[in-house]
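A.B. asks: let's see this in three dimensions:
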Amino acid sequence: MNEQLIITTSPHFKHPTTTQRIMLDVLIALSPAVIASVIIHGWYALVMIAVTTLFAVGSEFIFNICVKKTQTISDLSSAVTGVLLALNLPTSTEIWQCAVGAIFAIVVVKCLFGGIGKNFANPAITARVLMLLAFAEVAGGQLGGNPFVEGSHADLIAGATPLVNIDKLSPEMFFKVTPSIPEMLLGLRAGAIGEGCIVALVLGGIYLIVRRVIKWEVPVAFIGTVYLLSWLITGNALLALYYILSGGLFIGAIFMATDYSTTPLNRLGKLVFAIGAGLLTVLIRFFGNYPEGVSFAILIMNILSPYIEKLCAKRPFGGAKNEK
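C.D. replies: Next up, the predicted model:
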């Protein structure tokens, strides 16, 4: 009898889909938002995307050389980080600031923790939070290249997002001076270059769901939580709709709250993560010093992700309960 029993560690079955293929799908899904950002904000948006992507990929390449590690840039994860970071920045951001953010995202948040799959938080989100705290241009969020703000709305919507005006104006005045719902859906408002065009982001999200890269429950639960809580607090369904169309909620819910490395693996854990991020977003927006809270919310939930995973993990039949 020549049969051999080979004992190996899991996984015993491997899916044919590679990291490179998944990252390529994410880049394809981001392409509508990239195109929309250039149309709405001008060519400077494309320069920002090119710079963050170049420095993200270059940082990983140089880091791998320095530590004598096999090159990993071909998995495209650093390119995804670069594109996502740029889409989360306003056109008031300087080029050198884009470069600093990209280097921090890759070297500090990703590579120093062991690379893809080992980082504790989403690199693009963490870099954006750093830049929000460090650079006034990023926190201010001036729109720059959007011709829409040259009209009568300019003085009132040139802040970070229309969220800035929600707390300053009465609902009646807010609806009068703020872009309409169709304009909000198309991205004709102030803010980061990739967060405004909701139509483009939803198209990308649908592509990822069809490709089975992400689960639809996560963005729906995240966005739905923010809408319902905003409606509950304001008592105004239309105003609550502006709360989800403003800021970076859609790009965060679709592209960053679904990150494999920094979110729970099981479905229940993912839902807890999404609802928790939505709750934190509302708390920061209504009771914090920042009008936008998506980045901080996702970062906090990234840190809590291992505990959520342990809490929500399924127990094998007959197995002992997880230790606290």
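A.B. asks: just the helices in the stretch 201-324 of the chain please.
C.D. replies: Along the stretch 201-324 of the chain, counting by DSSP state H, counting those that start in this stretch, helices occupy 217-234, 237-245, 249-251, 267-287, 294-312.
A.B. asks: tell me how far the longest one lies from the chain's centre.
C.D. replies: Distance, stretch centre to chain centre, for helix 267-287: 14 Å (Cα atoms, centre = their mean, to the nearest Å).
A.B. asks: quick check: buried residues in that helix?
C.D. replies: 269-282, 284-286 (16 or more other Cβ atoms under 10 Å). Every C-beta, even on glycine, is put in place using the N, C-alpha and C of the backbone.
A.B. asks: most tightly packed of the helices of the stretch 201-324 of the chain?
C.D. replies: Highest mean neighbour count of these: helix 249-251, a mean of 28 (counted as mean count of other Cβ atoms under 10 Å).
A.B. asks: what does that one contact?
C.D. replies: 33, 84, 87-88, 192, 194-195, 198, 201-202, 205, 219, 222-223, 226, 244, 281, 294 (Cβ atoms under 8 Å, 6 or more residues apart in numbering).
A.B. asks: repeat that for 10 Å
C.D. replies: 30, 33, 84, 87-88, 124, 161, 163, 192, 194-202, 204-205, 219, 222-223, 226-227, 243-244, 257, 277-278, 281, 285, 292-294, 297 (Cβ atoms under 10 Å, 6 or more residues apart in numbering).
A.B. asks: so for it, mean pLDDT?
C.D. replies: The average pLDDT within helix 249-251 is 95.
A.B. asks: remind me which residues of the protein are low pLDDT?
C.D. replies: Low-confidence segments of the chain (pLDDT under 70): 1-16, 139-171, 174-175, 315-324.
A.B. asks: so it: which segments form each domain?
C.D. replies: 19-139, 160-310 (automatic domain parsing).
A.B. asks: the last one: how far from the chain's middle?
C.D. replies: Yep, that's domain 160-310 we're talking about. For domain 160-310 - counting by Cα atoms, centre = their mean - the centre lies 9 Å from the chain centre.
A.B. asks: please apply the same query to the first one.
C.D. replies: Between the mean C-alpha location of domain 19-139 and the chain-wide mean there is a distance of 11 Å, by Cα atoms, centre = their mean.
A.B. asks: residue 79: neighbour count?
C.D. replies: The local packing count at residue 79 equals 22, with neighbours defined by other Cβ atoms under 10 Å.
A.B. asks: same question, the one 3 residues further on
C.D. replies: By other Cβ under 10 Å, the residues close to residue 82 number 31.
A.B. asks: which ones are touching it?
C.D. replies: Taking Cβ under 10 Å, 6+ apart as the test, what residue 82 contacts is 48-60, 98, 101-102, 105-106, 123-124, 127.
A.B. asks: what's the PyMOL syntax to select whichever of those are buried?
C.D. replies: Selection of buried members from these for PyMOL, criterion 16+ other Cβ under 10 Å:
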select buried, resi 48+49+51+52+53+55+56+57+58+59+60+98+101+102+105+106+123+124+127
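A.B. asks: from residue 114, how far off is residue 274?
C.D. replies: Distance, residue 274 to residue 114, using Cβ to Cβ, to the nearest Å: 26 Å.
A.B. asks: re the thing from before, would TSV of the helices of the stretch 201-324 of the chain with distance to residue 135 be doable?
C.D. replies: Shown next, in TSV, are the helices of the stretch 201-324 of the chain (distance: least, Cβ to Cβ, whole Å):
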stretch	distance to residue 135
helix 217-234	26
helix 237-245	25
helix 249-251	19
helix 267-287	19
helix 294-312	14
